[in-house]
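**Q** the amino acid sequence is not available; the structure is as follows:
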């Protein structure tokens, strides 16, 4: 830290004579001082790059030589190689940080007096911490505790929080934000809080790529509170479209790994999303946040990983069906919707949990155990033991019970002075009395037995306060399994069976799980995760207004907070302000929510105006195509990088893509959508693939009455489609416009 004493007071007095509620034009003296500081900073970074490059050259040559002479039977050489590789990795990391800082070394500055040290400090804050030398910092990392004052504090008496709870009292004298591009100081602003809408608007009006590059500089106070919250409890974030949920989640991972590196390792972190394209999109920023080796996968892939070795859908010729489909209104379809709704509910997995307890009792429990005409283990003792170790899997309980029984038999024989061979023989005869600790457990068979049991004895579940699925719904579900059709919730049930019954290490080594677009998963999934990883903590991000799987997904956080997490300890945050959409787009999205019967969270847009929403009615599909081509050309003229044409279904998206290919260049949809990658240009996508994404311009394809009914489920779909747009929204249709979009 640089001790600046009186200079800070002089400069702060000059600044505080101005109106600090909005960006101000700095005077020539301050401007000159900032240019000089930037120049010196860049010179130091340049020297660091030269020094690290030379160190890297030397260590690379040394490690190569060690490799060339490596012998596995030489422990000293092996240790030298390990140390050399670690040092090489550290130098490479420092070199990357300095190279990245060369174009924009910092974005903020705080001047403050710290009461504890009785000193004035001036700190420049950047994406990465950069050192001037071994004892002096040049730039403070945005994740450092003191950087919290930049995001949270107003000018005057304030404080910042250290990771483990210590409060540091300060007097904040100045907060400054910089615009630096290609090592050149473009502008800087002073304000009491970073949430200056005029400053934000300047960044958000740019194309998406520029906005993503400036995220750290524009983190808002309410977002920063979530990022810096302790990782030792669970955090649920309800955030409206464009509120920065995903950004907050990625920065929270970076913050935790930086400040709690002694408690968490990157490979103990998991990021779970609804599809691969979204995961690739959101995790692409992690290297820029100095985060590496974090696990990322879809929920389906996560469950399959946990089931590996015990259930392989391909070997049983099962078909995984998690596609988004438009449900019809026939009686059969209504029963299927009821079944899907039940599968996503907490009742479904609680019913299985109850059944597995009964299954365990039936499998393990014996009558009183007699040995040499004496009761050495009572039935009540066995039941008590099973209940006392409730969270242990059945096979582990069997192993412990067998060992306990062997110990009692051995003790009795030792008292009777039996020889060791006799004792061993007696113990061996009871070796697997309670069962085999590693016996084969057929997950699918147990799952099907559970469904039959629930169908035959629904009242038994209801007496325990667990709603049972109707016989018609159970029939549809069992028929799906007979036809080898599985979905995400079937995988979840199989995973719980494995956890409850099988002795395995597959459920260890998880410390923190981040779930994005959490509303797409029913509450039963979160109940499962808490059962699987009792010592793990969670960051859960979502928006119940964007639940596109209306029947099986999450339409309220209440059940999850009450039944899965601890409402008194774990936190629910609400992010209501949208930084993505213009006011015109936000207001249009609000119109849909007002027509819905479910609980909604209204968008509060920042003050950023844009173009009005356009509605174009065409007389034919060909007219729609030509109107779309013309609209795309106009969007491209504004130098925007990303445009999405959003369709209702996959089939419709493929057809529209083919039609547009004759007139313009569009990204091709792969045969397997799981292999899709987010790219700049024009993308034609089904709605469910746009979740969590944002585009400079959006065209919604043919949202007429036939495609979108006037109900809550379709309202959520259109809400998602509309709120993908950052700057421009266009609607092109034939026939009658959906009632949801009418005024």
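**A** Sure thing, it's come through. Please read all numbers here as calculations on a predicted model, not as lab measurements.
**Q** what's the helix or strand for residue 296?
**A** strand 295-298 (DSSP states H and E).
**Q** what about that strand, average pLDDT?
**A** The average of the pLDDT scores along strand 295-298 is 94.
**Q** buried sites along the helix or strand following it?
**A** Downstream of strand 295-298, the first helix or strand assigned by DSSP H and E is helix 299-307. Neighbour counts over helix 299-307 (16 or more other Cβ atoms under 10 Å) mark 299, 300, 301, 302, 303, 304, 306, 307 as buried. (Each C-beta comes from the backbone N, C-alpha and C, glycine too.)
**Q** could you do stretch 573-585 as well?
**A** Residues 573, 575, 577, 578, 579, 580, 581, 582, 584, 585 are the ones in stretch 573-585 that count as buried (16+ other Cβ under 10 Å).
**Q** ok, now stretch 358-374?
**A** Buried residues in stretch 358-374 (16+ other Cβ under 10 Å): 359, 360, 364, 369.
**Q** how many neighbours does the closest residue to the second one other than its chain neighbours have?
**A** In space, residue 360 comes closest to residue 394 once its chain neighbours are excluded; the distance is 4.8 Å by Cβ to Cβ, 6 or more residues apart in numbering. As a burial measure, the neighbour count of residue 394 was computed by other Cβ atoms under 10 Å and equals 24.
**Q** circling back: any chance of the buried residues of stretch 573-585 in JSON lines, plus secondary structure?
**A** Output for those, formatted as JSON lines (DSSP: H, G, I helix; E, B strand; the rest coil):
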{"residue": "573", "secondary structure": "strand"}
{"residue": "575", "secondary structure": "strand"}
{"residue": "577", "secondary structure": "strand"}
{"residue": "578", "secondary structure": "strand"}
{"residue": "579", "secondary structure": "coil"}
{"residue": "580", "secondary structure": "coil"}
{"residue": "581", "secondary structure": "coil"}
{"residue": "582", "secondary structure": "coil"}
{"residue": "584", "secondary structure": "helix"}
{"residue": "585", "secondary structure": "helix"}
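**Q** just name the lowest-scoring one in the residues you listed, pLDDT-wise.
**A** Among the buried residues of stretch 573-585, residue 579 has the weakest pLDDT, 85.
**Q** what's the distance between that residue and residue 247?
**A** 9 Å (Cβ to Cβ, to the nearest Å).
**Q** could you do residue 413 as well?
**A** Residue 413 is 67 Å from residue 247, by Cβ to Cβ.
**Q** repeat for residue 588
**A** 23 Å.
**Q** could you check how far the closest residue to residue 484 other than its chain neighbours is from residue 245?
**A** Computed as Cβ to Cβ, 6+ apart, the closest residue to residue 484 that is not its neighbour in sequence is residue 318, at 4.6 Å. Distance, residue 318 to residue 245, using Cβ to Cβ: 33 Å.
**Q** which one's more surrounded, these two?
**A** Per other Cβ under 10 Å, whichever of residue 318 and residue 245 has more neighbours is residue 245, with 27 against 18.
**Q** burial count for residue 506?
**A** Neighbourhood size, residue 506 [other Cβ under 10 Å]: 16.
**Q** my read is it is in a helix, agree?
**A** No. Counting by three-state DSSP, residue 506 is located in no helix; its state is coil.
**Q** who are the contact partners of it?
**A** 306, 308, 309, 498 (Cβ atoms under 8 Å, 6 or more residues apart in numbering).
**Q** among these, the buried ones, what's the ChimeraX command?
**A** Buried residues within the contacts of residue 506, by 16+ other Cβ under 10 Å, are selected in ChimeraX with:
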select :306,498
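**Q** with distance to residue 64 and pLDDT added, can I get the contacts of residue 506 in CSV?
**A** Converted to CSV, the contacts of residue 506 look like this (distance: Cβ to Cβ, whole Å; pLDDT from 0 to 100):
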residue, distance to residue 64, pLDDT
306, 40, 94
308, 38, 90
309, 39, 87
498, 46, 96
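**Q** in TSV: the contacts of residue 506, plus distance to residue 689.
**A** Formatted as TSV, the contacts of residue 506 follow (distance: Cβ to Cβ, whole Å):
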residue	distance to residue 689
306	25
308	27
309	31
498	31
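**Q** most widely separated two among the buried residues of stretch 573-585?
**A** 573 and 584 (27.3 Å; Cβ to Cβ).
**Q** the helices in the stretch 101-250 of the chain, which residues?
**A** For the stretch 101-250 of the chain, helices defined by DSSP state H, counting those that start in this stretch occupy the ranges 148-152, 197-204, 208-213, 221-227, 245-259.
**Q** buried residues in the fourth one, which are they?
**A** So the one you mean is helix 221-227. Buried residues in helix 221-227 (16+ other Cβ under 10 Å): 222, 223, 224, 226, 227.
**Q** mind giving me a markdown table with those residues and columns for pLDDT?
**A** Compiled in a markdown table, the buried residues of helix 221-227 are given as follows (pLDDT from 0 to 100):
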| residue | pLDDT |
| --- | --- |
| 222 | 91 |
| 223 | 93 |
| 224 | 93 |
| 226 | 96 |
| 227 | 95 |
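**Q** between the buried residues of stretch 573-585, which is nearest residue 674?
**A** residue 580 (25.8 Å).
**Q** pretty sure the closest one is touching residue 729, no?
**A** No. With contact defined as Cβ atoms under 8 Å, residue 580 does not count as touching residue 729 (11.5 Å).
**Q** any idea what residue 269 is bridged to?
**A** residue 512 (DSSP bridges).
**Q** mind listing what it touches?
**A** 253, 257, 294, 295, 511, 512, 513, 514.
**Q** what do you get for residue 498?
**A** Per Cβ under 8 Å, 6+ apart, neighbours of residue 498: 306, 307, 310, 311, 441, 443, 504, 506.
**Q** okay, among these, which ones form the most distant pair?
**A** Counting by Cβ to Cβ, the most remote pair of the contacts of residue 498 is 306 and 441, 14.3 Å apart.
**Q** state which helix of the chain is the longest.
**A** If you go by DSSP state H, the chain has its longest helix at helix 28-68.
**Q** in this structure, which strand is the longest?
**A** When the chain is parsed with DSSP state E, its longest strand is strand 167-181.
**Q** so in that sheet, which strands flank it, and in what orientation?
**A** By DSSP bridges, strand 167-181 pairs with strand 108-114 (antiparallel), strand 156-161 (antiparallel), strand 184-190 (antiparallel).
**Q** deepest-packed of those, please.
**A** strand 108-114 (a mean of 21; mean count of other Cβ atoms under 10 Å).
**Q** excluding chain neighbours, what is closest to residue 369?
**A** residue 377 (3.9 Å).
**Q** and the pLDDT at that neighbour?
**A** pLDDT, residue 377: 88.
**Q** that one reaches residue 367, doesn't it?
**A** No. Using Cβ under 8 Å, residue 377 makes no contact with residue 367, being 9.7 Å away.
**Q** from residue 446, how far off is residue 510?
**A** For residue 510, the distance to residue 446 - Cβ to Cβ - is 24 Å.
**Q** do residue 581 as well
**A** Taking Cβ to Cβ, one finds residue 581 at 48 Å from residue 446.
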